[in-house]
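*Asks:* structure, please.
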Amino acid sequence: MTMLGLEKSLGALAVVALAGSVFAQSTFPGFTSGNIAVTRSVYTGDATTVSISQALPPVCPATAACGTGRATDNGAYASLNSNSNVFNNNKVDGSFGITSPIFVDQLTPTGTLVNTLAVPPNMLTTSFSSKSELAINLSGDGSALTLVGYIAPPNTIDVSNSNSPGVYDPTNPAGGSYFRAVLQIGANGAMEVTPTNAYSGNNGRAAILANGLYYLAGNDNNGSGTPATIVTSTGVEMATPGQSATTAPTMVGTFSVSQYNDPATGKPYPADKLGKDNNFRGLTIFNNTLYVTKGSGSNGFNTVYQVGTAGSLPTLATAENTPITVLPGFPTVPAKNADVTYIFPFGIWFANATTLYVGDEGDGVVADAATSTKAGLQKWSLVNGSWQLDYVLQKGLNLGTPYSVPNYPAALNPATAGLRNITGKVNGDGTVTVWGVTSTVSANGDQGADPNKLVMINDVLANATASAAANEQFTVVKSAVAGEVLRGVALAPTAPSTMLNSPLILSAASPSVQTVAPGSLVSANGQNLAAGYPGPIFGILPNVLDGTSVSIVDSAGNTTIAPLFYVSPSELDFEIPATVATGPAKVVVANDGASQTAANVQIAAVAPALFTFNNSGLAASYAVRVSTGGTQTIQQVYSQDNTGRISPVAINLGSSTDQVYLILYGTGFDTAGTSNVSVTVNGVTAPVLYAGSAGSPGLDQVNILLPPSLSGTGNVNVQMAAGGIAANSVQITIQ
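*Replies:* Numbers count the residues shown, from 1 in each chain. A predicted model of the protein is given here:
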């Protein structure tokens, strides 16, 4: 949570609550069998989200190769009324992305909108322009849908290449830390978010629920090194629904090109960068067997893989030693050699044990889209134990032909390049219907930001040749508008669900810390948490407000009521009582006879988290410069223009004899004591003069002396640790 409007005194803690995003979720009636579910995202940033010439990435540690990237465009999405295109910033910052809200549209099979489930953005967001995200999958029992996103506020910069809180890579230039998380949606619309520390430095792409476990596919590593924790947080991962935020990643097997021989030499291919062969994208489960795809990057093979042995899904006990192999008949050619003649697999769907459909997105090159023979929907058949490509369905996709989008610059008109995520169903007349989300090519700074389409096609299951399928043609089911992207498609749940909503419990200062502490400020985020908006609370903090209360069942079995700061349907802010025992706990939100429970909330003695002014990580702080004569000059670290844009203001360290103090605000570290708190600024140790209460319930502060050697360093990271536990990184600018 950011602290917009925070003044140096921070006298009224109501500011904390008011800074939270307000999100109203109308009652969702649930999914209906026979419909389809489509994920999409809408860009919600504006010109104030990014400032031209601001440092990119905005939070880069001194231990990484940060470069000198500066924003070339402000935060406005490309339109006929704007000369800016926020995603041109991808050209100067390879990590560039902006988090955005997630929507799940329920459509009839032919595209009529039934209703929309809006995911509360204080629970989960996606990265706008990250084209490989937001696959959605139906669970094995047909009762739930799953997808992967980030526990990060909307309009936050460079989250998709950030670290995960539990797997920190000091060489990653996108130095923030955010959980990747699985969202499970019941057939009744109930939601639960499960954090995971997997995919540090990159993104989780897909998740599916089977046998009480989540199976995930994704990629990691945005730094220059290969720490062991990074190598094991990629590829195929497993997570347990409702697991603690402190849970370490569980990697399922590992793949290396060295498992296969180079036909030119007869010897195994040389190994690639550790972990990078496991850059997986799509996944599916068929006949209790897990399959994944790889179709991007310069390492590994772009192909289709089987994970484990046929008919047996990996378990937590067998995960490490699970084999990952290329399906027989699929190519084993190094991705570094790939061109337009090769395959670029994305989504996969089995019609039966001998028929596999693969969505191929193409190579991403504008000049190749119209001539690709593999992009589109591939149909493969299993013959004598080996898969063979029967044909590729492309008619109606109009590959390489630009199409217009209302209020979108003609110079950026995208063209369909192939298909990404797909799903399908077998019909009673011997045909199958396959739905797919299109990939695009364009002149956009990031093609993942292009408005794309959802298409469908009927294929005769018995067809085995291109000539037999010559009359089969795609039709458009739904088209994204400007500022919108479509990402995943799945069949709607086919079985009823008794799943209950579960709130997501986070530090009120930052979503990037793994634990919360007694006496700290905490948020419960979700849907239907309260009946209305009684607003901020001043004076004595109540235990019950408008029928809503929060209680904590700690590891000792004691139940304690938490004082409330703010109540709304999507967010409750409260203080964890100082008497609550450390260890695993449950947080119960009660409202007029109904309740929601979050289990596996980890309460630690110290859980430091720092507030920020904006979604670029600007520290909620101020500075005081003291001259040799004792004159004190207060310096703000930000300015705000009449559009609401928050921009950093450089701190002037003055002369060599001046002393400049930085006062930071946070929560969760009061009990650590000054002697157990440390701070570095741009990697330089800064003396800590005070760390403790800021005078308001749950609000802490730390006062440090900025070393004179920092003069002229510009945009720098501030890293605090309390009791040896790191807080979220924040940023200041030094003149």
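
*Asks:* for residue 227, report the pLDDT, please.
*Replies:* Looking at residue 227, its pLDDT reads 89.

*Asks:* same thing with the one 10 residues further on?
*Replies:* Per-residue confidence at residue 237 stands at 98 (pLDDT).

*Asks:* so it belongs to a strand, correct?
*Replies:* Yes. Checked against DSSP: H, G, I helix; E, B strand; the rest coil, residue 237 lies within a strand.

*Asks:* might one say that it is in contact with residue 253?
*Replies:* No. Residue 237 lies out of contact with residue 253 (Cβ atoms under 8 Å); the separation is 10.5 Å. Glycine gets a C-beta too; all of them are placed from N, C-alpha and C.

*Asks:* higher neighbour count, these two?
*Replies:* Remark: of residue 237 and residue 253, residue 237 carries more neighbours, 29 against 20, as counted by other Cβ atoms under 10 Å.

*Asks:* gap between the more buried one and residue 122?
*Replies:* Counting by Cβ to Cβ, to the nearest Å, the separation of residue 237 from residue 122 is 24 Å.

*Asks:* which parts of the stretch 601-735 of the chain are strands?
*Replies:* For the stretch 601-735 of the chain, the strands defined by DSSP state E, counting those that start in this stretch cover 609-610, 621-626, 632-636, 638-640, 646-648, 659-667, 677-681, 684-686, 688-693, 700-705, 714-722, 725-726, 730-734.

*Asks:* out of these, deepest packed?
*Replies:* Mean neighbours per residue, mean count of other Cβ atoms under 10 Å, is largest over the strands of the stretch 601-735 of the chain for strand 609-610, with a mean of 29.

*Asks:* chain center to that strand, what's the gap?
*Replies:* How far strand 609-610 lies from its chain's middle: 20 Å, per Cα atoms, centre = their mean, to the nearest Å.

*Asks:* most distant residue from the centre of the chain?
*Replies:* residue 629 (50.4 Å; Cα atoms, centre = their mean).

*Asks:* now the helices for the protein?
*Replies:* Per DSSP state H, the chain carries helices over the ranges 14-18, 228-231.

*Asks:* how about the most centrally placed residue in the chain: which residues does it bridge to?
*Replies:* With distances taken as Cα atoms, centre = their mean, residue 150 lies nearest the centre of the chain, 2.7 Å away. Counting by DSSP bridges, residue 150 forms beta bridges with residue 125, residue 180.

*Asks:* what ranges does the stretch 401-550 of the chain have for its strands?
*Replies:* Secondary structure of the stretch 401-550 of the chain by DSSP E, counting those that start in this stretch: the strands cover 415-426, 431-441, 453-460, 475-479, 484-491, 504-507, 521-525, 535-536, 544-545, 548-553.

*Asks:* now render these as a markdown table, adding mean pLDDT.
*Replies:* Output for those, formatted as a markdown table (pLDDT from 0 to 100):
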| stretch | mean pLDDT |
| --- | --- |
| strand 415-426 | 98 |
| strand 431-441 | 98 |
| strand 453-460 | 98 |
| strand 475-479 | 98 |
| strand 484-491 | 98 |
| strand 504-507 | 98 |
| strand 521-525 | 97 |
| strand 535-536 | 68 |
| strand 544-545 | 92 |
| strand 548-553 | 97 |
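
*Asks:* would TSV of these with mean neighbour count and distance to residue 63 be doable?
*Replies:* Formatted as TSV, the strands of the stretch 401-550 of the chain follow (neighbours: other Cβ atoms under 10 Å; distance: least, Cβ to Cβ, whole Å):
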stretch	mean neighbour count	distance to residue 63
strand 415-426	26	35
strand 431-441	26	36
strand 453-460	21	43
strand 475-479	18	45
strand 484-491	25	33
strand 504-507	27	24
strand 521-525	27	30
strand 535-536	16	40
strand 544-545	16	45
strand 548-553	22	37
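
*Asks:* can you tell me how far the closest residue to residue 724 other than its chain neighbours is from residue 140?
*Replies:* Once flanking residues are discounted, residue 724 sits nearest to residue 676: 7.8 Å by Cβ to Cβ, 6 or more residues apart in numbering. Remark: distance between residue 676 and residue 140 (Cβ to Cβ) = 48 Å.

*Asks:* can you check residue 134 too?
*Replies:* Distance, residue 134 to residue 140, by Cβ to Cβ: 20 Å.

*Asks:* more neighbours: which of the two?
*Replies:* A count of neighbours by other Cβ under 10 Å puts residue 134 above the other of residue 134 and residue 140, at 30 against 15.

*Asks:* residue 39 is in contact with that one, correct?
*Replies:* Yes. Residue 134 is within contact range of residue 39, at 4.3 Å (criterion: Cβ under 8 Å).

*Asks:* need the overlap of contacts for these two.
*Replies:* Contact criterion Cβ atoms under 8 Å, 6 or more residues apart in numbering; residues shared by residue 134 and residue 39: 102, 147, 487-488.

*Asks:* which among those residues gets closest to residue 91?
*Replies:* Taking Cβ to Cβ as the measure, residue 91 lies nearest residue 487 of the shared contacts of residue 134 and residue 39, at 23.1 Å.
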